[in-house]
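[1] What follows is a predicted structure for the sequence shown.
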Amino acid sequence: MSTLEDQYYIDKILQGETNAFAVLVDRYKNMIFTLALKMVKNREEAEEVAQDTFIKAYNSLAKFKGDSKFSTWIYRVAYNTCLDRLKKNKKEDNNISIDEFSAHLIKTMDNALSALEDKERKQTIQNCLNLLPREENFLLTLFYFEDQSLEEIGKIMNINANNVKVKLFRSRQKLAVILKKQLEPELLDYYERER
């Protein structure tokens with residue numbers, strides 16, 4: 001799906017063909033819901049955030065200037081909608097403390113993950129992502145699963161690309177620690193069976 005295709009539908013909507021918005025909703029609804037779920041960590045609230053996102057996007061469509069991809073713009077609307085919802089709920093984050101981290105740990109994790117089946121690996125990564133604080137989960141999802149660039153993520157989260165890089169590094173560190181804790185028992189079992 002290209003930016004030009006999105007622009008075609010945006011132009012139609014702005015010219016009064018409101019039913020063309022259904023195409024954009026259909027195109028982005030799954031990703032908006034997934035990102036919302038990673039932030040609010042509740043299915044019903046994520047559905048409400050997704051609906052609110054599309055309402056806000058529809059009402060602000062004339063403000064979309066096309067200086068970034070439409071996907072970047074709508075993900076930013078979703079991100080801000082999530083932040084508003086979280087402020088309203090004022091729920092506490094379950095932050096994970098990390099004592100120390102080394103490059104060796106990432107190498108160990110890569111080896112451990114390659115021992116798992118592909119489907120199992122993806123599920124394990126998703127489960128571990130969900131243990132991260134909302135913003136880090138959101139950031140890693142955009143980078144690894146949505147292939148958003150550092151610049152695009154910066155626009156979505158309203159921070160510069162260097163900050164994205166730093167946050168990405170720290171988030172990967174936390175994820176590696178979580179993966180290590182999750183995988184060690186499984187790997188010990190696996191190696192015990194192999195003897």
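    In hand now; what should we look at?
[2] Neighbours of residue 89, how many?
    11 (other C-beta atoms under 10 Å). For every residue, glycine as well, the C-beta is placed using N, CA and C.
[3] Report the contact partners of residue 13.
    Contacts for residue 13 (C-beta atoms under 8 Å, 6 or more residues apart in numbering) come out as 20-21, 24, 58, 61.
[4] Redo these as a markdown table? Include distance to residue 86, neighbour count and pLDDT.
    As requested, those are exported to a markdown table (distance: C-beta to C-beta, whole Å; neighbours: other C-beta atoms under 10 Å; pLDDT from 0 to 100):
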| residue | distance to residue 86 | neighbour count | pLDDT |
| --- | --- | --- | --- |
| 20 | 32 | 16 | 90 |
| 21 | 26 | 17 | 92 |
| 24 | 25 | 22 | 93 |
| 58 | 23 | 13 | 92 |
| 61 | 25 | 17 | 92 |
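[5] Which of those fall within strands?
    Counting by DSSP state E, those place none of their members in strands.
[6] ok, these vs residue 44, which is closest?
    Taking C-beta to C-beta as the measure, residue 44 lies nearest residue 58 of those, at 21.5 Å.
[7] Give me the residues contacting the helix or strand hosting residue 86.
    Assigned by DSSP states H and E, residue 86 belongs to helix 70-89. With C-beta under 8 Å, 6+ apart as the contact definition, helix 70-89 has outside contacts at 3, 6-7, 10, 24, 28, 31-32, 35-36, 39-40, 45, 48-50, 52-53, 56-57, 60, 64, 134, 138, 142, 146, 148, 152, 155-158.
[8] cool, and stretch 126-141?
    The contact list for stretch 126-141 (C-beta under 8 Å, 6+ apart) reads 34-35, 38-41, 79, 82, 86, 93-96, 153, 157, 164, 167-168, 170-172, 174-175, 178-179, 182.
[9] any chance you could map the helices in the protein?
    Applying DSSP state H to the chain gives helices spanning 3-14, 21-40, 43-59, 70-89, 103-115, 118-129, 134-140, 150-157, 161-194.
[10] from these, which stretch is densest packed?
    Ranked by mean neighbour count, those are led by helix 134-140 with a mean of 22 (mean count of other C-beta atoms under 10 Å).
[11] Rounded mean pLDDT for that one, please.
    On average, the pLDDT along helix 134-140 is 89.
[12] got the CA coordinates for that helix in CSV?
    The C-alpha coordinates for helix 134-140 follow below in CSV (Å, rounded to 0.1, in the frame of the first residue of the first chain):
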residue,chain,number,x,y,z
ARG,A,134,3.8,0.5,27.3
GLU,A,135,5.9,3.0,25.5
GLU,A,136,8.8,0.5,24.9
ASN,A,137,6.5,-2.2,23.7
PHE,A,138,5.0,0.3,21.3
LEU,A,139,8.4,1.5,20.1
LEU,A,140,9.8,-2.0,19.5
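[13] rewinding a little: where among the helices of the chain is the average confidence lowest?
    With a mean of 54, helix 103-115 has the lowest mean pLDDT of those.
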